[in-house]
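Participant: heads up, no residue letters with this:
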């Protein structure tokens, strides 16, 4: 308990950074992943090809390599000077959105084709069909896997500690410098992640229960 109480400021900064990084990356990956899923089922060949290439590249690239590129190679491109936090956020979004895309696409495949055909017969464009008919039903069917992806994203934020991003993954190094028991310190970090994951799990169960009838 002394390890936690004596370093409460360190834990507070670390987990605040984790939450901020997670929220930004979670929202960004959900938006980009959903757009990519639309590309993957689009009738436009160019969009389908782009979505397929994107997913194959990022699903087969280690997250550490993506973050390494954002931390050290991106500045050499001289596009814009942004902080390590935003570089880590972008890296997590690019990586996670590839997996979100496949989850959402699997949900789209559960929607009967006849519904999309009926909406087109009524004069709906592809965009309207996806946003008003297909996506609302698809999201309901993929709540559990989407939640699992967000939990994985939450844990992946710890990798950003290796790239000068202040979050919970870097607590162990600071504890070592201060001379505290690192093992005990990491146990508190693990407990902190359990506390963060529980609300996501409860939210998933609540949404799944509410939407089960609708499916």
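Facilitator: Cool, got the structure. Everything numeric in this text was worked out from a predicted model, so none of it was measured.

Participant: and residue 87, what does it touch?
Facilitator: 67, 70-71, 74, 163 (C-beta atoms under 8 Å, 6 or more residues apart in numbering). Every C-beta, even on glycine, is put in place using the N, C-alpha and C of the backbone.

Participant: excluding its backbone neighbours, what's nearest the spatially most central residue of the chain?
Facilitator: Among the residues of the chain, the one closest to the centroid is residue 26, at 4.1 Å (C-alpha atoms, centre = their mean). Nearest in space to residue 26, with sequence neighbours left out and distances taken as C-beta to C-beta, 6 or more residues apart in numbering, is residue 150 at 5.5 Å.

Participant: helix or strand: which one has the one you found?
Facilitator: helix 143-156 (DSSP states H and E).

Participant: neighbouring contacts of that helix?
Facilitator: Contacts of helix 143-156 (C-beta under 8 Å, 6+ apart): 18, 22, 25-26, 29-30, 63, 92, 95-96, 99-100, 103-104, 106, 139, 193, 196-197, 200-201, 203-204, 207-208, 211.

Participant: and stretch 90-104, by the same measure?
Facilitator: By C-beta under 8 Å, 6+ apart, stretch 90-104 touches 21, 24-25, 28-30, 32-34, 36-37, 40, 51, 54-55, 57-59, 61, 63, 66-67, 69-71, 135, 138-139, 142, 145-146, 149, 152-153, 156-157, 160.

Participant: of those, just the buried ones, PyMOL syntax please.
Facilitator: Buried residues among the contacts of stretch 90-104 (16 or more other C-beta atoms under 10 Å), as a PyMOL selection:
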select buried, resi 21+24+25+28+29+30+32+33+34+36+37+40+51+54+55+58+63+66+67+70+71+135+138+139+142+145+146+149+153+156+157+160
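
Participant: ok, back up a step: look at the residue nearest to the centre of the chain and report its pLDDT.
Facilitator: Looking at residue 26, its pLDDT is 91.

Participant: what do you get for residue 197?
Facilitator: Taking residue 197 on its own, its pLDDT is 78.

Participant: cool, residue 113 as well?
Facilitator: What the model reports for residue 113 is a pLDDT of 76.

Participant: tell me how many other residues crowd it.
Facilitator: By other C-beta atoms under 10 Å, 8 other residues sit near residue 113.

Participant: may I see the buried residues of stretch 93-108?
Facilitator: 93-105, 107-108.

Participant: among these, which ones are in strands?
Facilitator: Among the buried residues of stretch 93-108, no residue falls in strands (DSSP state E).
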